[in-house]
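Q: Okay, structure incoming, though there's no sequence with it:
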């Protein structure tokens with residue numbers, strides 16, 4: 001694939017596919033085509049953020065590293081039935097960690113810290129801009145923020161906010177962009193023969209496709225996510241493909257020429273994104289260990305004293321070590337996403353999960 005016409009044809013084919021039961025939008029648009037559902041949904045994507053910015057902010061942060069449909073959405077739906085709406089409402093629910101845990105139904109100090117810090121940063125943005133509206137101040141930030149150097153951004157600097165959450169916030173508050181979701185990556189891998197070990201390049205690739213297709217990046221994101229969740233069920237193929245023709249379509253803006261990207265070098269942030277994407281559709285939660293490590297626990301097995309852990313990992317500033325009993329039995333240290341992909345770490349995580357819950 002190397003021509004714009006071929007890219008348009010691939011997008012058109014994905015749009016024409018009927019939503020499957022497992023497609024994310026099937027519950028809202030049963031029997032509709034992927035393109036139809038994505039068109040409607042993308043136009044109303046930030047509607048709830050306009051009406052209830054506090055709820056959307058909470059939902060985005062809660063969704064990080066967790067299965068949204070199974071672990072987050074049920075609690076958000078309960079909160080939707082209340083008058084909870086603004087950032088001030090969210091401040092009231094985060095006065096103490098106990099208040100937050102009871103309200104959200106999760107005992108996660110990291111997410112609590114992220115929300116508290118994010119609300120503080122939003123207050124700073126309001127003071128500097130003179131904007132008092134919750135949605136308007138976030139919309140201005142979302143439209144003007146850059147994902148390329150997101151760690152230099154006032155929101156991106158917050159500990160615990162990775163590029164996926166950063167992009168998810170931007171999308172919900174009005175930015176025409178895309179989140180480097182596992183489903184998005186799968187569609188790029190399988191349908192467009194594009195592969196990268198850098199999430200920034202995946203975002204850039206989707207934006208290039210959106211320009212060629214004459215559609216918004218947000219719309220293309222929805223098409224990819226719904227096609228991937230419907231047609232790639234339990235088939236996460238992250239095999240590296242040699243061709244990266246998307247970057248060749250516009251030589252003057254090639255992906256390889258993006259600034260400040262260390263291609264192929266170890267990067268803990270992107271390795272953690274790789275792990276997060278691997279468990280996104282699994283019903284698991286993360287527990288901290290006393291040795292600065294973390295354990296992914298299967299929710300269905302959490303009542304057990306033993307045999308409930310899917311895998312264990314230890315992130316450092318330059319590496320991530322992983323143990324998956326029976327598959328990666330000894331602690332193995334990775335220094336790049338490429339190493340993890342080559343070792344099929346994501347596939348092994350999902351295999352282990354399926355072995356344990358079946």
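A: That came through, no problem. What you see is a predicted model, and the numbers here were worked out from it, not measured in a lab.

Q: buried stuff in the longest helix seen in the chain?
A: Across the chain, the helix with the greatest residue count (assigned by DSSP state H) is helix 109-129. Along helix 109-129, these residues count as buried under the neighbour rule (16 or more other C-beta atoms under 10 Å): 111-119, 121-122, 126. Every residue, glycine included, has its C-beta placed from N, CA and C.

Q: Show the contacting residues for residue 131.
A: When contacts are counted by C-beta atoms under 8 Å, 6 or more residues apart in numbering, residue 131 is found next to 125, 137, 140.

Q: Distance to residue 79 and pLDDT added to those residues, as a markdown table?
A: Conversion of these to a markdown table gives the following (distance: C-beta to C-beta, whole Å; pLDDT from 0 to 100):
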| residue | distance to residue 79 | pLDDT |
| --- | --- | --- |
| 125 | 24 | 97 |
| 137 | 22 | 97 |
| 140 | 26 | 96 |
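
Q: residue ranges with poor pLDDT in the stretch 201-350 of the chain?
A: 233-267 (pLDDT under 70).

Q: again with the stretch 1-150 of the chain
A: Low-confidence segments of the stretch 1-150 of the chain, defined by pLDDT under 70: 1-2, 65-70.

Q: from the contacts of residue 131, which is closest to residue 268?
A: Nearest to residue 268, judged by C-beta to C-beta, of the contacts of residue 131 is residue 125 at 27.6 Å.

Q: Tell me the spacing between the closest one and residue 9.
A: Here residue 125 is placed at a distance of 43 Å from residue 9 (C-beta to C-beta, to the nearest Å).

Q: Show me where the stretch 151-300 of the chain has its strands.
A: 284-288, 294-298 (DSSP state E, counting those that start in this stretch).

Q: rewinding a little: may I see the buried residues of helix 109-129 organised as JSON lines, with distance to residue 24 added?
A: Supplementary listing: the buried residues of helix 109-129 in JSON lines, determined by distance: C-beta to C-beta, whole Å:
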{"residue": "111", "distance to residue 24": "22"}
{"residue": "112", "distance to residue 24": "27"}
{"residue": "113", "distance to residue 24": "29"}
{"residue": "114", "distance to residue 24": "24"}
{"residue": "115", "distance to residue 24": "24"}
{"residue": "116", "distance to residue 24": "30"}
{"residue": "117", "distance to residue 24": "29"}
{"residue": "118", "distance to residue 24": "25"}
{"residue": "119", "distance to residue 24": "28"}
{"residue": "121", "distance to residue 24": "29"}
{"residue": "122", "distance to residue 24": "28"}
{"residue": "126", "distance to residue 24": "33"}
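
Q: With distance to residue 56 added, can I get the contacts of residue 131 in CSV?
A: Below are those laid out as CSV (distance: C-beta to C-beta, whole Å):
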residue, distance to residue 56
125, 16
137, 14
140, 16
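
Q: isn't residue 194 right up against residue 205?
A: Yes - with contact defined as C-beta atoms under 8 Å, residue 194 and residue 205 form a contacting pair (5.4 Å).
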